[in-house]
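Student: Using only what follows, build the 3D model:
(one chain, ligands or ions: 1)
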Amino acid sequence: MHTEALGEADGSAGAVVRTRLEDRPAWLLTTHNTTVCLCLGPEDTLLLPYWGASGQTTAAADYLPERMGNRPSERAFVDGLPLAYPSHGEASFVEPCLMVSRADGSRGVRLEFVADRVSAVGGRAVLELVFIDRLLDLVVEQRFVVFGELDLVARSVTVRNSGAEALLLERVLSAALPLPPAEYDAWTLHGQWGREFELRSRPLQPGKFVTESRRGTSSHEAHPWFAVRPRGEAAEHVGQVWFGSLAWSGNWVAVFEAERNDAVQIAMGIQPFDFGWRLEPGADFVSPELVGGYSERGLGGASRLLHAYEQTVQLPANQRERPRPVLYNSWEATHFEVHAEHQLELARRAAAIGVELFVVDDGWFGARDHDRAGLGDWTVNTRKLPGGLRQLVNDVHGLGMQFGIWVEPEMVNPDSDLYRAHPDWTYHAIGREATLGRNQLVLNFARPDVQAAIYQQLRNLLTEHGTIEFVKWDHNRAWTEVGWPERPMQQREVWVRHVRAVYELMGRLRAEFPELSIESCSGGGGRSDLGILRWTDQVWTSDNTDAADRLNIQYGYSRAHSPRTMVNWVTDVPNEQTGRVAPLEFRFHVAMQGVLGIGGDIGRWSGADVHIARQLVAAYKEIRPLVQNGRQYWLLAPAAIGPCAVQYVSADLRETAVFLYQVRGLRGAGVRRVRLHGLDPARRYRRVADGVESTGAALMGAGVPLDLVSARAPTLDWRSRIDVWRGP
Ligand code: GLA
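Tutor: Numbering: from 1, shown residues only. Got it, this is the predicted structure:
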């Protein structure tokens, strides 16, 4: 046994250890706190018998793998084994990750182990395991990138056709995670438009639980993230949690399968439904990454590891560390009524409040007076903006703010010049009427001519009107009639080709305009996965801006994603979506949990409201580094009645902010305490507002009283406060 690719001397990088188990090749992936054990099983199947706490050893046998195997008459079957990548063609009977066939009818994959490669890429240990199917001439490479300091492993698969005949890939999932026999519960995120990111928990029972998207994007309905815990063992701050987040913005699937021996397998990747990929000789297909990990610090610990991954690895590097500006967005104030003078009036108000980025939303282009026309024509409507866009851009810059603009590049209204010129550029099926969604159709982004035309329009937009620093990239409908009649052999590839083309286009624009930031939007948070966060800097979390609903939405979002990617607006009351009336300060305190924005008609705000807004924007800027870079701890989850609380701690542990809320109180309820987390026990912290002091240990042990309601004026509802504590 010997160890390779060990990281820096301080051990902050992960390592790959080549070893042997029962006289067969095995590998240990080690991170700060965890170890993943991989080994070859019968028939060269790749097994993953252990992913958990580090045993402080590099001998695979020390993890005491149980002797596995079926009853004698079924010894040759491999079900019941912890398969790391089950393939159709093995005698495994579980949900397969890989299905391949050839025109001559050969199908079923049997892989033989060929070689391992251990390397260090960008200071990270990487293990690649190469397998081959000699009948299909198919090479399968399993890749593991070890993030030692983050306790994460990014897994992906490359499938290569090394033969002379084309192969049909019927499914290529990213990875499977087998867990040993026990009883488990799964956390997943679900929702709909205006109600994204509801955290649900359910027991995994015999049979399958499938969560997925078939809508084209990662979707509002389900989110490509999961966390699993032994039943009853883990909670917010403690306990074993295995988790994963798929870096893919298109159709996806996660299958949780409780096997007959009570083991669980979780297989996740690109949705196989209606997928098919013709793999030409010499070509390869690379799956998206499934970033997974293990934590003993409960759901909160798992979330913080994924936040750190986004903040230090995934987000576009050039903007990764930049503070996200306070933005204003004019959508709820104007809808399609975009007019230069009114926008400028809003911009003046916004600047006076302390806004740093002014974003003109939908309605500025083509014949876009309503949602029935204009999408696809990304040219300035000079009736609405008589001085052109350049004038408005200059005016906004003159007020000391950056300028941002809304686009929806993958869509077209039938009533548009683009559609009239190229009706065949949309997804359609011959002989069938196309289904409209929000009066629009989806462009076939698999087509190189569509990609080129949209790129040219966006490039013109970004070069012809002065410097545009920010684009809100929207996507407002699910896909239907998805096909490419002119390329019948590639019809089922478009689900993937489209997503890759969007990534490429975003990447190309970012390379050409390095100062550009992009916000991902899809009717709110319908495309806010780890994949899109490689190319965009932040996400419009939901079209629902009601402060009470937002507490739930933001709670769910932040289980999977970093607060520095989560955009929240303060909007007007009664709220557009719910009719609820929350006080301005409460609305701000909720929006301050991530990237603060204002989306109300600030032209109509009273002088008193503008004054409050100015103060709260200034307060936000003070704690912005804490919120956008800090470690987040949910102290009390949002509840219909009673308090909830979320805390942020700076990396150096000197500062913490505690956000306290109560949408609805209960008459006569006693004052609850919340225990803070993540502080330095020995340090003395001082509450900025009133000078109260305590030690980190006491704040974490005894906690702080959640005294949101004063005995003298018992207003029970819509209470909120942000306490900042600082140490020396
Ligand atoms: C979507 C977005 C909104 C807004 C509108 C504009 O619904 O989520 O924020 O941009 O489109 O049409």
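Student: Now find how far off-centre stretch 98-117 is within its chain.
Tutor: When C-alpha coordinates are averaged (CA atoms, centre = their mean, to the nearest Å), stretch 98-117 and its chain have centres 32 Å apart.
Student: average pLDDT for it?
Tutor: The pLDDT scores in stretch 98-117 average 94.
Student: For the spatially closest residue to Leu179 that is not a sequence neighbour, report the pLDDT, please.
Tutor: Once flanking residues are discounted, Leu179 sits nearest to Val264: 4.5 Å by CB to CB, 6 or more residues apart in numbering. Every C-beta, even on glycine, is put in place using the N, C-alpha and C of the backbone. Per-residue pLDDT puts Val264 at 97.
Student: where's Val264 relative to the ligand, distance?
Tutor: Look at Val264 and the ligand: by CB to the nearest ligand atom, to the nearest Å, they are 36 Å apart.
Student: wait, doesn't that residue sit right on Ala176?
Tutor: No. Counting by CB atoms under 8 Å, Val264 does not reach Ala176; the two are 10.4 Å apart.
Student: So Phe586: helix, strand or coil?
Tutor: Three-state assignment for Phe586 (DSSP: H, G, I helix; E, B strand; the rest coil): helix.
Student: Confirm for me that it is in contact with Arg721.
Tutor: No. Between Phe586 and Arg721 there is no contact under CB under 8 Å: 9.8 Å.
Student: quick one, which of the two is more surrounded?
Tutor: A count of neighbours by other CB atoms under 10 Å puts Phe586 above the other of Phe586 and Arg721, at 21 against 17.
Student: Which pLDDT does the model give that one?
Tutor: Looking at Phe586, its pLDDT reads 98.
Student: ok, it - contacts?
Tutor: Counting by CB atoms under 8 Å, 6 or more residues apart in numbering, Phe586 touches Ala547, Tyr661, Trp718, Arg719, Ser720.
Student: Relative to Asn261, how far out is it?
Tutor: As judged by CB to CB, to the nearest Å, Phe586 and Asn261 stand 51 Å apart.
Student: Arg231 is in contact with Pro203, correct?
Tutor: Yes. The pair Pro203 and Arg231 passes the contact test of CB under 8 Å, sitting 6.3 Å apart.
Student: returning to that earlier point: using TSV, lay out the contacts of Phe586 together with secondary structure.
Tutor: Output for the contacts of Phe586, formatted as TSV (three-state DSSP):
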residue	secondary structure
Ala547	helix
Tyr661	strand
Trp718	coil
Arg719	strand
Ser720	strand
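Student: and which of these is nearest to Pro448?
Tutor: Ala547 (45.2 Å; CB to CB).
Student: on that earlier part again, so which of Val264 and Ala176 has more stuff around it?
Tutor: Each of Val264 and Ala176 has its neighbours counted (other CB under 10 Å); Ala176 has more, 26 against 21.
Student: Let me know how buried Asp415 is, in neighbour terms.
Tutor: Neighbours of Asp415 (other CB under 10 Å): 18.
Student: Which residue does the stretch 601-728 of the chain have closest to the ligand?
Tutor: Closest approach between the stretch 601-728 of the chain and the ligand, counting by CB to the nearest ligand atom: Asp601, at 14.8 Å.
Student: Check whether that residue really touches Asp572, as I assumed.
Tutor: Yes. Asp601 is within contact range of Asp572, at 5.8 Å (criterion: CB under 8 Å).
Student: any idea which element the closest residue to the ligand within the stretch 351-500 of the chain lies in?
Tutor: Residue nearest to the ligand within the stretch 351-500 of the chain (CB to the nearest ligand atom): Asp362, separated by 3.5 Å. If you go by DSSP states H and E, Asp362 is not part of any helix or strand.
Student: Just give me the neighbour total for it.
Tutor: 22.
Student: quick one: it and Phe336 touch, right?
Tutor: Yes. Checked against CB under 8 Å, the pair Asp362 and Phe336 is within contact range at 6.5 Å.
Student: hey, what's in contact with both of those two?
Tutor: With CB under 8 Å, 6+ apart, Asp362 and Phe336 have common neighbours Arg368, Asp371.
Student: Longest strand in the chain, please.
Tutor: Of all segments of type strand in the chain, defined using DSSP state E, the longest is strand 167-179.
Student: and that strand, what other elements does it pack with?
Tutor: Applying 3 or more CB pairs under 8 Å, 6 or more residues apart in numbering; DSSP states H and E, one finds that strand 167-179 contacts strand 46-53, strand 98-102, strand 152-161, strand 241-246, strand 264-270, strand 277-279, strand 290-295.
Student: Out of those strands, the one nearest Met401 is which?
Tutor: strand 241-246 (33.5 Å).
Student: average pLDDT across stretch 25-35?
Tutor: 97.
Student: could you dump it to CSV, C-alpha only?
Tutor: The C-alpha coordinates for stretch 25-35 follow below in CSV (Å, rounded to 0.1, in the frame of the first residue of the first chain):
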residue,chain,number,x,y,z
PRO,A,25,-7.5,-3.1,-5.5
ALA,A,26,-9.1,-0.6,-3.2
TRP,A,27,-8.9,3.2,-2.7
LEU,A,28,-9.4,5.5,0.2
LEU,A,29,-10.4,9.1,-0.4
THR,A,30,-9.7,11.1,2.7
THR,A,31,-10.8,14.5,3.7
HIS,A,32,-10.5,16.5,7.0
ASN,A,33,-13.2,14.5,8.7
THR,A,34,-14.3,11.8,6.4
THR,A,35,-13.2,8.7,4.5
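Student: In that stretch, which residues are buried?
Tutor: Neighbour-count burial for stretch 25-35 flags Pro25, Ala26, Trp27, Leu28, Leu29, Thr30, Thr31, Asn33, Thr34, Thr35 (criterion: 16 or more other CB atoms under 10 Å).
Student: Ok, stretch 255-267 next?
Tutor: Going by neighbour count (16+ other CB under 10 Å), the buried part of stretch 255-267 is Val255, Phe256, Glu257, Ala258, Glu259, Ala263, Val264, Gln265, Ile266, Ala267.
Student: Cheers, nothing more for now.
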